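1. coords please:
(chains A and B)
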Number of protein chains: 2
Amino acid sequence: MAYRETAQVKARKAAQREALLRTAETLVREGGFAAMTMQTVADRAGVGVGTLYRYFDNKATLAAAVFAVATQREVDAVDRALAGGGDASARLERALRLFARRALAAPRLAWALIAEPVEPEVDAERLRYRAAYAALYQRVLDQGVAAGELPPQSTALAAAALVGAIAEALVGPLAAPLNDAGLADHLAAFCLRAVGVAGAASVAGSGDTESAP
Amino acid sequence: MAYRETAQVKARKAAQREALLRTAETLVREGGFAAMTMQTVADRAGVGVGTLYRYFDNKATLAAAVFAVATQREVDAVDRALAGGGDASARLERALRLFARRALAAPRLAWALIAEPVEPEVDAERLRYRAAYAALYQRVLDQGVAAGELPPQSTALAAAALVGAIAEALVGPLAAPLNDAGLADHLAAFCLRAVGVAGAASVAGSGDTESAP
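-> Down below sits the predicted model:
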């Protein structure tokens, strides 16, 4: 009987784990994974570090969990943007702009998720989530090709390339003092041209045309 | 006098360091960074592990050094391909195809350099070298835009996006059982369309058009 967890205890533990994850993410938002240690998270959460270790084996495990929660939120946002109305190129452009806008609104977190040098456990999660993004993009590209809206292409390669292009295009602007003038415009133009959207070159004209954003 | 290193001793040390680095790279070529430990490198080189530690503080330092040497070789190859004759789009296409061909010729090494989950020290080198690639691509894009061959665009963003697109497009094919039919064709088509090369959509037609390479 002493070893039986009541439903109440289970719920309290789940709630505490979630609260600790939220606290850890707050620290990553402020200073990247570098600012998130077992000690800083425990201190900010107002618990002893031993309590934190009851839920997460080490810093790498905690960092991977923070990464997964924060990135799944972005994957879901992209999924919703791609699932809305409009043809393939309109849905793709909407998702690209949404992703860029969300990243620029939380630049320190976005940089941490995309590019910060971290433990291999987080790198492994990055590979998993890049594949998740690519699957979403490939679906809309397949629809565009099937509808004759996009030219025949390797949609698997194009989807992966889009994921890489989007991430890498944001690394510089997110790391440096932010200069996001036209960033989303240029990113959308690059990506839409890449997958063969007719007339996409003119999209860049809707923003500015500076050569070093 | 006992504390003075002769030129001969210095040269011997430099040669041994280089030989150890080459041995370490051989292990990465065979099994990625996961196969490269201080012990496996020392064993393969036929030295005691203490000798290896005289040159490299730890596994992360050694991995970062292997990464830098192997990646600089690729950066130099891309630089030479971009510097040859032809207009901007021809030079860009040549560099893209060269990069893809070299990666597919040494897939385990390429995957390790581009995507393998590794120590943060290697991640940091990845960021540095991606910036080096981007600088090379931006130069040729700037030349293409100045010559009126490419449409006005943020060449800084496009160059970074190309680096990300190329790397990510190769991650899947390098990790999975290789199926490189048309890979370089599709990658070149994607990238050339992305930067606005007129008629680049037709490049894909020079390879096959399967939607899952």
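2. quick check: mean pLDDT across the single longest helix found in chain A?
-> With secondary structure taken from DSSP state H, chain A has its longest helix at helix A:120-146. Averaging pLDDT along helix A:120-146 yields 95.
3. ok, and does that helix reach over to chain B?
-> Yes - residues of helix A:120-146 contacting chain B under C-beta under 8 Å from any C-beta of the partner chain: A:120, A:121, A:122, A:123, A:124, A:126, A:127, A:130, A:131, A:134, A:142, A:145. For glycine as for every other residue, the C-beta is placed from the backbone atoms N, C-alpha and C.
4. most neighbours among those residues, which one?
-> Greatest neighbour count in the residues of helix A:120-146 next to chain B, by other C-beta atoms under 10 Å in any protein chain shown, goes to residue A:134: 25 neighbours.
5. the nearest residue to it once chain neighbours are set aside in helix, strand or coil?
-> Among residues not flanking residue A:134 along the chain, residue A:159 sits closest, at 4.4 Å (C-beta to C-beta, 6 or more residues apart in numbering or on different chains). Three-state assignment for residue A:159 (DSSP: H, G, I helix; E, B strand; the rest coil): helix.
6. give the contact list for residue A:159.
-> Residue A:159 makes contact with A:134, A:135, A:137, A:138, A:141, according to C-beta atoms under 8 Å, 6 or more residues apart in numbering or on different chains.
7. quick check: buried residues in stretch A:87-95?
-> Burial within stretch A:87-95, assessed by neighbour count using 16 or more other C-beta atoms under 10 Å in any protein chain shown, is assigned to A:88, A:89, A:91, A:92, A:93, A:94, A:95.
8. mind checking how far residue A:17 is from residue A:151?
-> Distance of residue A:17 to residue A:151, given as C-beta to C-beta, to the nearest Å: 48 Å.
9. one more: residue A:80?
-> From residue A:80 across to residue A:151, the span is 27 Å (C-beta to C-beta).
10. neighbour count for the two, which is higher?
-> Between residue A:80 and residue A:151, residue A:151 has the larger neighbour count (other C-beta under 10 Å), namely 18 against 12.
11. low-confidence ranges, chain A, go.
-> Chain A contains residues with pLDDT under 70 at A:1-3, A:176-181, A:199-213.
12. can you list the domains in chain A?
-> As given by automatic domain parsing, the domain ranges for chain A are A:1-56, A:65-206.
13. if we can go back for a sec, just checking, what packs against the longest helix of chain A?
-> For helix A:120-146, the elements it packs on are helix A:59-83, helix A:88-105, helix A:155-175, helix B:155-175, judged by 3 or more C-beta pairs under 8 Å, 6 or more residues apart in numbering or on different chains; DSSP states H and E.
14. turn the ones you listed into JSON lines, columns for distance to residue B:69.
-> Converted to JSON lines, those look like this (distance: least, C-beta to C-beta, whole Å):
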{"stretch": "helix A:59-83", "distance to residue B:69": "27"}
{"stretch": "helix A:88-105", "distance to residue B:69": "33"}
{"stretch": "helix A:155-175", "distance to residue B:69": "23"}
{"stretch": "helix B:155-175", "distance to residue B:69": "19"}
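15. which stretch among those helices comes nearest residue A:25?
-> For the helices and strands packed on helix A:120-146, the distance to residue A:25 is smallest for helix A:59-83, at 5.1 Å, taking C-beta to C-beta.
16. please see if the closest one touches chain B.
-> No - using C-beta under 8 Å from any C-beta, helix A:59-83 stays clear of chain B, with a minimum separation of 10.3 Å.
17. ok, and for that helix, which residues are buried?
-> A:59-60, A:62-67, A:70-71, A:74, A:78, A:81-82.
18. now swap in stretch A:18-37 and tell me
-> Buried residues in stretch A:18-37, counting neighbours by 16+ other C-beta under 10 Å, are found at A:20-21, A:23-29, A:32-33, A:35-37.
19. right, I'll call it a day here.
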